[in-house]
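J.: sequence and predicted model, in that order:
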Amino acid sequence: MNKNELEFAKLRLGAEKFGKVLNFFKALATLGTILGCIYLIFDALVLMANANPEGISAIAEVVKNLEIGSILGYVVAAGCAGGWMLERKGKKRLLVDYANRRATREAGDAYHESSGLTESGDTPSTTEGP
């Protein structure tokens, strides 16, 4: 690896790190927005209850008719499935990256698995059995 390749690798790693930091702040902003919306909704409910106590019973009737509990179950299930898919995709990406880096690192190794290592990574015995 020459000097230019090393600098390019450093820049690429820096860009990847910067991208991860931006993704973190994006997720943080999204979470903050969702929590802010929930706060505004509940704040409006408190104001409505203080202004007209019978309004709460009307809202309870609407919630009962919409069956928000069952809808919320589906939303939570979809969120969990989406999270699992993202986590699995991330694991696969890391495994591919690890395999590529390992192959690059072991390219000149005489005991590279393509050179005859066993499936467990051990060096095969040199003596032939009966």
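T.: The structure has been received and is ready for your questions. Residues are numbered from 1 along each chain as shown.
J.: quick one: mean pLDDT over the lengthiest helix in the chain.
T.: Ordering each helix of the chain by length in residues (DSSP state H) puts helix 3-51 first. What helix 3-51 shows for mean pLDDT is 90.
J.: how far is the helix or strand following it from where the chain is centred?
T.: Next helix or strand after helix 3-51 toward the C-terminus (DSSP states H and E): helix 53-66. Here helix 53-66 is found 38 Å from its chain centre; the criterion is Cα atoms, centre = their mean, to the nearest Å.
J.: just the CA trace of helix 53-66, in CSV.
T.: Taking C-alpha atoms only, helix 53-66 is exported to CSV below (Å, rounded to 0.1, in the frame of the first residue of the first chain):
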residue,chain,number,x,y,z
PRO,A,53,-64.9,17.7,31.4
GLU,A,54,-67.5,16.0,29.2
GLY,A,55,-65.1,16.3,26.3
ILE,A,56,-63.0,13.5,27.8
SER,A,57,-65.9,11.1,27.7
ALA,A,58,-66.4,12.0,24.1
ILE,A,59,-62.8,11.3,23.3
ALA,A,60,-62.9,8.0,25.2
GLU,A,61,-65.9,7.0,23.1
VAL,A,62,-64.0,7.8,19.9
VAL,A,63,-61.0,5.8,21.0
LYS,A,64,-63.2,2.9,22.0
ASN,A,65,-64.9,3.0,18.5
LEU,A,66,-61.6,3.2,16.7
